[in-house]
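Colleague: Need the 3D shape of this:
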Amino acid sequence: MNSFIGDTDTLQLDDIQGALTLYGVAVTGIPFPPRNEALDFYLSLENLYRDFLGRQQNNPGNVNAEGIAVWLPEFLRYVLNGCSAPEASARVLLNIASGSIQPVCGVVAPGVFNFPPRNVSVDFLTELDAYYGDELNETAPNSYIDPEGKAVWLEVYLGYRVNGCNNQEATDRAFAQIRTGVVAPACAT
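Modeller: Okay, here's the model as predicted:
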């Protein structure tokens, strides 16, 4: 059932996936790395921005490192699995509010997975920051990484992960790209 009146009178893919989820059938779509590995990457990225790029810790926000490392990948997981950006955002915010993981919108064919343009992820991070501040009354320490850097480099890292790289390979390739500007190929397709 939608939250608004519409003219859809037949079951949709998300209806079916929701029912499957309720009965214990996992509907996951594209696999993403464990949250602790995304967090480790993000914390190392903070250090790289500070030590290698010489950035200052002057990017205020309401979402802490763990929130960035958990919710941006979750948003991207929904987008890569067939959700529109607004639907992916709504599912993440519902997950935060209710503690229940929402099913993905579709199942995509195996292959190389292309991430959305960076402005889509930056827009989500802006919405997430507002939610953390307005709804959760949270604030976080200033970051060395600006919102665009968070979106770009987490997407690069996750792109390597879902395209065959393990944690260390993905981290090394993303950091080499920051240092040299050279884009390394995925590990496997």
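
Colleague: can you pull the contacts of Tyr157?
Modeller: Contacts for Tyr157 (C-beta atoms under 8 Å, 6 or more residues apart in numbering) come out as Ala38, Phe41, Ala170, Thr171, Ala174. (Glycine included, C-beta is placed from N, CA and C.)

Colleague: Just give me how far the helix or strand where the last one lies sits from the chain centre.
Modeller: Secondary-structure element containing Ala174, defined by DSSP states H and E: helix 167-180. Put simply, helix 167-180 sits 18 Å off its chain's centre (C-alpha atoms, centre = their mean, to the nearest Å).

Colleague: got the CA positions of it in PDB?
Modeller: Taking Å, rounded to 0.1, in the frame of the first residue of the first chain, the C-alpha atoms of helix 167-180 are listed here in PDB:
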ATOM      1  CA  ASN A 167      38.600  -4.300   1.300                       C
ATOM      2  CA  GLN A 168      42.300  -3.700   1.000                       C
ATOM      3  CA  GLU A 169      42.300  -3.700  -2.800                       C
ATOM      4  CA  ALA A 170      39.500  -1.200  -2.900                       C
ATOM      5  CA  THR A 171      41.100   1.100  -0.300                       C
ATOM      6  CA  ASP A 172      44.500   1.000  -2.000                       C
ATOM      7  CA  ARG A 173      42.900   1.800  -5.400                       C
ATOM      8  CA  ALA A 174      40.800   4.600  -4.100                       C
ATOM      9  CA  PHE A 175      43.700   6.200  -2.200                       C
ATOM     10  CA  ALA A 176      46.000   5.800  -5.200                       C
ATOM     11  CA  GLN A 177      43.400   7.600  -7.300                       C
ATOM     12  CA  ILE A 178      43.400  10.500  -4.700                       C
ATOM     13  CA  ARG A 179      47.200  10.600  -4.700                       C
ATOM     14  CA  THR A 180      47.800  10.300  -8.400                       C
END
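
Colleague: Give me the helices and strands touching that helix, please.
Modeller: helix 35-51, helix 147-162 (3 or more C-beta pairs under 8 Å, 6 or more residues apart in numbering; DSSP states H and E).

Colleague: quick one: the helices in this structure?
Modeller: 13-22, 35-51, 65-80, 85-98, 118-134, 147-162, 167-180 (DSSP state H).
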